[in-house]
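Participant: Here is a sequence together with a model predicted from it:
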Amino acid sequence: MKKVYIDVDLEGCAGVSSWPETHYGEKGYDLAVREMTQEAIAACEGAMASGCSVVLKDAHEDGMNIDPSQLPEGVEIIRSWDSSPEEMMAGIDETFAAAIHIGYHSPAGSSETPLDHTVEHDWYSWVKLNGDLASEFSFNWLCGASYGVPSVFLSGDAGICRRAAAACPGIVTYATKKGRGSATWSKHPADVFVGIKQGVTDALQKLARGAIKLPDLPDTFTVEFCFSSAGRARAAAFYPGAEAVDERRVRYTAKSVQELLVAKMFMTEI
């Protein structure tokens, strides 16, 4: 039986529109996590209907949002953080046939969601990877690819779906909503459930036909952080090999995905 890795974030889920909804105990959090859970269930059901076993990573904030008892029987779940450079992709390795990404959002510095951020929304004005705005997906598909695992499906806001399709030709995407200023325009949760489940099934069928392949990886990876705090930028610039571009920007060039992820982990303290 093929094994599928599913990581689930919150900000790209249908209906989620404000920062309080993304934090435990604040207004709207319970409703947002209910939607996050339903979208995770849809992805699991799509994968399992395709004959795959599932390992699911709760990848939002403290990593302990989804109630494991709500997931389909047989699904394994990774909760909290394992203090590795893989972060949101913790536990991924070469034994997985595919990676699936649920609840994803557009990157810091973009205008395609009111929840634009990359890792921590108040730490950076933007993050760039090889000159382009970098989302969490930018790092996570590379993480999977470094183990030979292709990203085959992504759901989230329309902006991240467009960016994912450009980065990983052949990936199947499903837009749960689009951003408009400080608002979101979302599909109905029932429609999203059906769309994600069918999209995952379609993606795994494409993979089986050989219609989804690993993209070619670049020879080097130059990451640049534009910090909101000059103090954090100064601290990051002390990482061996890092270059302070100015008071807020720090750049580092890695020769492998693992080196990139380790540098990001220590330069950002995450």
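Facilitator: Cool, got the structure.
Participant: helices or strands up against the lengthiest strand in the chain?
Facilitator: The single longest strand within the chain, with elements called by DSSP state E, is strand 172-180. Contact partners of strand 172-180 among helices and strands, from 3 or more Cβ pairs under 8 Å, 6 or more residues apart in numbering; DSSP states H and E: strand 151-157, helix 158-167, strand 183-186, helix 189-208. In this view, the C-beta of every residue, glycine as well, is placed from N, C-alpha and C.
Participant: just checking, what packs against the third one?
Facilitator: So that's strand 183-186. When contacts are defined as 3+ Cβ pairs under 8 Å, 6+ apart, strand 183-186 sits against strand 172-180.
Participant: could you redo the last one with a cut-off of 10 Å?
Facilitator: strand 151-157, strand 172-180 (3 or more Cβ pairs under 10 Å, 6 or more residues apart in numbering; DSSP states H and E).
Participant: Flag the shaky bits of the chain, pLDDT-wise.
Facilitator: Along the chain, the parts satisfying pLDDT under 70 run over 270.
Participant: what about the helices in it?
Facilitator: Ranges of helices within the chain are 29-49, 136-146, 158-167, 189-208, 230-236, 257-267, based on DSSP state H.
Participant: of all the ones you listed, which lies closest to Thr222?
Facilitator: Proximity to Thr222 (Cβ to Cβ) singles out helix 257-267 among the helices of the chain, at 9.1 Å.
Participant: Helix 136-146 and that closest one, what's the angle between them?
Facilitator: 140 degrees (axes from the mean of the first three to the mean of the last three Cα atoms, to 10 degrees).
Participant: buried set for helix 257-267?
Facilitator: Buried positions in helix 257-267, judged by neighbour count with 16 or more other Cβ atoms under 10 Å: 257, 259-261, 263-267.
Participant: chain center to that helix, what's the gap?
Facilitator: How far helix 257-267 lies from its chain's middle: 16 Å, per Cα atoms, centre = their mean, to the nearest Å.
Participant: likewise stretch 237-249?
Facilitator: On the basis of Cα atoms, centre = their mean, the separation between the geometric centre of stretch 237-249 and that of its chain is 26 Å.
Participant: for stretch 115-131, same thing?
Facilitator: Distance of stretch 115-131 from the chain centroid (Cα atoms, centre = their mean) equals 13 Å.
Participant: looking at the helices and strands packed on strand 183-186, which is buried most?
Facilitator: Ranked by mean neighbour count under mean count of other Cβ atoms under 10 Å, the helices and strands packed on strand 183-186 are led by strand 151-157, which reaches a mean of 29.
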